[in-house]
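Undergrad: I need the structure of the sequence given here:
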Amino acid sequence: MQFQLKPKSEKMSVRLFLENDLKQDALVALSREQSHYLANVMRRKVGDTVSLFNGRDGEWAATIGALEKRIVHLRIHEQTREQQAEPDLWLVFAPIKKARLDFIAQKATELGVSNLTPVITRRTIVDRVNTDRMKANAIEAAEQCERLTVPDIGETVKLEQCLANWPEGRRIMFCDEELSGEPAHAALQAACDKSAAGAWAILIGPEGGFDDRERELIKAKPDCVTVSLGPRVLRADTAAMAAISIWQSALGDW
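TA: Next up is the predicted model:
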């Protein structure tokens, strides 16, 4: 097996997420953190080009115009990709330990989830979630995977409250560890036409699973589709990635 190595002179492309509006000839000053990353970690110089996106205006090419007082200044000069619609898929999950929570934020972003919302269940071990850290992980993943948006990060909420305020018309893919549902891919395809998938959420429980009362509350929702992820016992983070992949294959943009 042969591996083709990039020439040493070829620079890795850099993409940055900004909150600013992006338009031709606009001037942008990066934050100190982004300036440090661009100038000191990636070692970019005046005249080098980077890509910018904000989740609204597509992707734009910008040139480094100046480095002043540890702040990098950019001039935007052309749009390279138009904004595109993405599947409306939430991941609602019981939080887990920090390293695996980082994994969920990163990989769910790569797989196209539009919203990440932690919910506290009766068997949830972790009761505090650093949503700023989740956001940072999601931004970094979106920058690296060439996604044009960053998923929203919802505030941590109790499962009962989440279900009581559930938005009308958003269907639930309930991943039941007791295997009470049909195989996930077939169940999703039977639930609706891919061309009109609409708004969905994947609901993943804690490592100990949902209790009977919680399971009843979930299944009582009118738009709930109960599915099975197979005969093997999956860790919560593995189950989340498996469920997203199945949904994207059945109803998403794969």
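Undergrad: hang on, Cys162 is in a helix, isn't it?
TA: Yes - judged by DSSP: H, G, I helix; E, B strand; the rest coil, Cys162 forms part of a helix.
Undergrad: Identify the residue nearest it in space, chain neighbours excluded?
TA: Spatially, and ignoring its direct neighbours in sequence, Cys162 is nearest to Val119 (5.0 Å; C-beta to C-beta, 6 or more residues apart in numbering). Just so you know, the C-beta spots here come from the backbone N, C-alpha and C atoms, and that holds for glycine as well.
Undergrad: gap between the closest residue to Leu163 other than its chain neighbours and Trp166?
TA: In space, and not counting its chain neighbours, Leu163 is closest to Leu217: 5.5 Å by C-beta to C-beta, 6+ apart. Distance, Leu217 to Trp166, using C-beta to C-beta, to the nearest Å: 10 Å.
Undergrad: try Val225
TA: Counting by C-beta to C-beta - Val225 and Trp166 are separated by 14 Å.
Undergrad: what do these two both touch?
TA: Overlap of the contact sets of Val225 and Trp166 (by C-beta atoms under 8 Å, 6 or more residues apart in numbering) consists of Ile172.
Undergrad: returning to what we had before: the host helix or strand of the residue nearest to Cys162 pairs with which strands?
TA: Taking DSSP states H and E as the definition, Val119 sits inside strand 115-120. Applying DSSP bridges, strand 115-120 is found paired with strand 89-93 (parallel), strand 152-153 (parallel), strand 157-158 (parallel).
Undergrad: need the next SSE after that strand, C-terminal direction.
TA: Using DSSP H and E, the first helix or strand after strand 115-120 is helix 131-145.
Undergrad: helices or strands next to that following helix in the packing?
TA: Where contact means 3 or more C-beta pairs under 8 Å, 6 or more residues apart in numbering; DSSP states H and E, helix 131-145 is packed against strand 15-17, helix 98-110, strand 115-120, strand 152-153.
Undergrad: Quick check: which of those is nearest to Gln34?
TA: Proximity to Gln34 (C-beta to C-beta) singles out strand 15-17 among the helices and strands packed on helix 131-145, at 5.9 Å.
Undergrad: Dump the strands paired with strand 115-120 to TSV, plus mean pLDDT and mean neighbour count.
TA: What follows is these, written out as TSV (pLDDT from 0 to 100; neighbours: other C-beta atoms under 10 Å):
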stretch	mean pLDDT	mean neighbour count
strand 89-93	98	25
strand 152-153	98	17
strand 157-158	96	14
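Undergrad: Kindly present those as CSV, with separate columns for distance to Ala66.
TA: Listed next are the strands paired with strand 115-120 as CSV, based on distance: least, C-beta to C-beta, whole Å:
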stretch, distance to Ala66
strand 89-93, 40
strand 152-153, 33
strand 157-158, 44
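Undergrad: my guess is the residue nearest to Cys162 meets Leu159, correct?
TA: Yes - under the criterion of C-beta atoms under 8 Å, Val119 makes contact with Leu159 at 4.7 Å.
Undergrad: what sits against the residue nearest to Cys162?
TA: With C-beta under 8 Å, 6+ apart, Val119 has these contacts: Val92, Phe93, Ala94, Thr156, Val157, Lys158, Leu159, Cys162.
Undergrad: hmm, 6 Å instead?
TA: Val119 is in contact with Val92, Val157, Leu159, Cys162, counting by C-beta atoms under 6 Å, 6 or more residues apart in numbering.
Undergrad: same deal with Ser114?
TA: Ser114 makes contact with Asp88, Leu89, Pro151, according to C-beta under 6 Å, 6+ apart.
Undergrad: Among these, which one sits closest to Leu234?
TA: Once C-beta to C-beta is applied, the member of the contacts of Ser114 that ends up nearest Leu234 is Leu89, at 19.0 Å.
Undergrad: Please spell out which residues along stretch 160-168 are buried.
TA: The neighbour-count check on stretch 160-168 (16 or more other C-beta atoms under 10 Å) flags Cys162, Leu163, Trp166 as buried.
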